[in-house]
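K.L.:
Let me see the structure of the following:
(one chain, ligands or ions: 2)
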Amino acid sequence: MEKLTLTRPDDWHLHLRDGAALKAVLPHTVHQFARAVIMPNLKPPVRSLGDAMAYRDRILAAIPPGKQFEPLMTLYLTDNTSPEDIIAAQASQVVKAVKYYPAGATTNSEFGVTDIRRCDRVFETMQQVDMPLLLHGEVTDVHVDVFDREKVFIDQQLIPLQQRFPNLRIVLEHITTSEAVQFVLATSNMAATITPQHLLFSRNSLFKGGIRPHYYCLPILKREQHRQAILQAATSGNPKFFLGTDSAPHGRNSKETSCGCAGCYSALHAMELYAEAFESVNALDKLEAFASFHGPDFYQLPRNTETITLTKTTWRIPDALPFTETELVPLRAGEEMTWKMV
Ligand code: DOR
Ligand code: ZN
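P.N.:
Ligands and ions are numbered 1, 2, ... in the order given. Next up, the predicted model:
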């Protein structure tokens with residue numbers, strides 16, 4: 001296949017940051033996607049409807065002139081989020097979901113939830129008003145091996161949560177394990193996003209010839225057998241699985257250091273990366289539904305009507321991109337790609 005025309009896709013999990021960083025990265029997403037679910041882990045986080053509306057205005061102001069893009073806002077769940085916050089958010093139509101970060105799990109998660117059961121009144125309200133819950137599905141217990149944190153979260157927290165709130169619509173974000181795939185398949189009202197890095201790379205990529213900080217994200221890359229399980233899920237055509245890049249920009253100086261931040265930058269070339277992953281298992285015919293149909297169907301939003309085109313063209317990913325006072329190293333910097341978005 002030399003050319004691929006698809007309904008314009010959306011990114012159902014994206015970090016845009018704020019200020020100069022937002023202005024540097026937003027054009028990449030706008031080029032590829034019509035809409036994106038915007039993660040709320042700013043400093044301080046997006047905790048109220050007012051925060052979300054103000055952040056949305058800053059995103060809209062940063063869209064390059066003449067371009068169309070719709071940010072779908074989320075609220076950051078804390079121990080202090082109230083049922084009233086949820087009702088106001090749902091009524092606004094601006095906020096499309098609520099994001100759960102366990103306190104200490106990842107970048108800017110220090111305001112996150114200290115014990116998931118503390119939020120039961122909020123989950124009850126979310127279930128009532130049908131507001132989706134987006135989960136960073138990892139436990140933070142330092143005694144749990146970092147490669148097991150997703151599986152342990154499912155067993156210890158997600159299964160009981162789903163039993164307490166069976167009608168709550170949940171997205172298990174950026175899944176990385178065969179256990180997550182099996183759980184999502186077996187559970188109603190449960191969907192999952194999948195990133196390009198987890199489809200393309202196993203944990204070996206973190207240590208290929210030396211330590212590779214630009215492959216470090218959370219949840220961390222897993223064994224090859226898990227990569228194959230999520231690739232199978234993404235390319236299966238099952239509507240429970242859809243595109244969410246988790247593109248998470250950090251300047252070079254915050255990645256290449258003695259204690260580097262978690263996050264891969266993929267907004268520049270997300271669709272090209274997904275196309276490569278799908279092509280590797282002869283499943284390009286499944287890419288459009290994964291990228292453009294399953295997400296809006298889950299979020300009960302209309303599918304996009306315009307299209308994008310990818311062609312078989314070899315090009316080299318830049319070594320770095322301009323980013324505030326530093327630079328941004330994209331995923332697989334300096335390597336060749338075989339698909340190019342027109
Ligand atoms: O790798 C990650 N980066 N995982 C997250 O959960 C957060 C994200 C970020 O905001 O940098
Ligand atoms: Zn994320």
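K.L.:
need the strands for the protein, in chain order.
P.N.:
Under the criterion DSSP state E, strands of the chain are mapped to 3-7, 11-14, 35-38, 70-76, 95-100, 133-135, 170-172, 190-194, 241-243, 307-316, 321-323, 326-328, 336-341.
K.L.:
Just the C-alpha atoms of the second one, please, in CSV.
P.N.:
If I follow you right, that is strand 11-14. Written as CSV, here are the backbone C-alpha positions of strand 11-14 (Å, rounded to 0.1, in the frame of the first residue of the first chain):
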residue,chain,number,x,y,z
ASP,A,11,-5.9,12.0,20.3
TRP,A,12,-7.7,10.7,23.4
HIS,A,13,-4.7,11.3,25.8
LEU,A,14,-2.4,14.3,25.4
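K.L.:
tell me which strands and helices it is in contact with?
P.N.:
On a contact count with 3 or more C-beta pairs under 8 Å, 6 or more residues apart in numbering; DSSP states H and E, strand 11-14 meets helix 19-32, strand 35-38, strand 241-243. Any C-beta I mention is one placed from the backbone N, CA and C, and that applies to glycine too.
K.L.:
Check the last one too.
P.N.:
Packed against strand 336-341 by the contact rule (3+ C-beta pairs under 8 Å, 6+ apart) you find helix 270-280, strand 307-316.
K.L.:
would JSON lines of these with distance to ligand 1, mean neighbour count and mean pLDDT be doable?
P.N.:
Listed next are the helices and strands packed on strand 336-341 as JSON lines, based on distance: least, C-beta to the nearest ligand atom, whole Å; neighbours: other C-beta atoms under 10 Å; pLDDT from 0 to 100:
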{"stretch": "helix 270-280", "distance to ligand 1": "15", "mean neighbour count": "22", "mean pLDDT": "98"}
{"stretch": "strand 307-316", "distance to ligand 1": "25", "mean neighbour count": "14", "mean pLDDT": "98"}
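K.L.:
Okay, now the unreliable bits of the stretch 101-250 of the chain?
P.N.:
Within the stretch 101-250 of the chain, no stretch has pLDDT under 70.
K.L.:
Quick check: residues of it near ligand 1?
P.N.:
Listed as neighbours of ligand 1 in the stretch 101-250 of the chain under the rule C-beta under 6 Å from any ligand atom: 106, 107, 136, 217, 218, 248.
K.L.:
tell me which of the residues you listed is nearest to residue 276?
P.N.:
residue 217 (17.9 Å; C-beta to C-beta).
K.L.:
Export the residues of the stretch 101-250 of the chain next to ligand 1 to TSV and append columns for neighbour count.
P.N.:
Listed next are those as TSV, based on neighbours: other C-beta atoms under 10 Å:
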residue	neighbour count
106	19
107	18
136	24
217	27
218	21
248	26
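K.L.:
Correct me if wrong: residue 310 contacts residue 273.
P.N.:
No - judged on C-beta atoms under 8 Å, residue 310 makes no contact with residue 273 at a distance of 11.0 Å.
K.L.:
show me what contacts residue 188?
P.N.:
Residue 188 makes contact with residue 166, according to C-beta atoms under 8 Å, 6 or more residues apart in numbering.
K.L.:
and it, how far is that from residue 169?
P.N.:
Counting by C-beta to C-beta, to the nearest Å, the separation of residue 188 from residue 169 is 10 Å.
K.L.:
Next: residue 222.
P.N.:
Taken as C-beta to C-beta, the span from residue 222 to residue 169 is 26 Å.
K.L.:
Same question for residue 195.
P.N.:
Distance from residue 195 to residue 169, by C-beta to C-beta: 21 Å.
K.L.:
on that earlier part again, could the helices and strands packed on strand 336-341 go into TSV alongside distance to residue 87?
P.N.:
Below are the helices and strands packed on strand 336-341 laid out as TSV (distance: least, C-beta to C-beta, whole Å):
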stretch	distance to residue 87
helix 270-280	34
strand 307-316	37
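K.L.:
Out of these, which gets nearest to residue 52?
P.N.:
Of the helices and strands packed on strand 336-341, nearest to residue 52 by C-beta to C-beta is helix 270-280, at 23.7 Å.
K.L.:
what about the helices in the protein?
P.N.:
Ranges of helices within the chain are 19-32, 49-62, 83-92, 120-129, 149-153, 159-164, 178-186, 196-200, 224-234, 252-255, 270-280, 287-288, 294-299, based on DSSP state H.
K.L.:
Mind putting the ones you listed into CSV with distance to residue 101?
P.N.:
Formatted as CSV, the helices of the chain follow (distance: least, C-beta to C-beta, whole Å):
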stretch, distance to residue 101
helix 19-32, 19
helix 49-62, 15
helix 83-92, 16
helix 120-129, 14
helix 149-153, 12
helix 159-164, 15
helix 178-186, 17
helix 196-200, 18
helix 224-234, 21
helix 252-255, 19
helix 270-280, 22
helix 287-288, 29
helix 294-299, 20
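K.L.:
So for residue 326, which of the ones you listed sits nearest?
P.N.:
The nearest among the helices of the chain, by C-beta to C-beta, is helix 252-255 at 5.1 Å.
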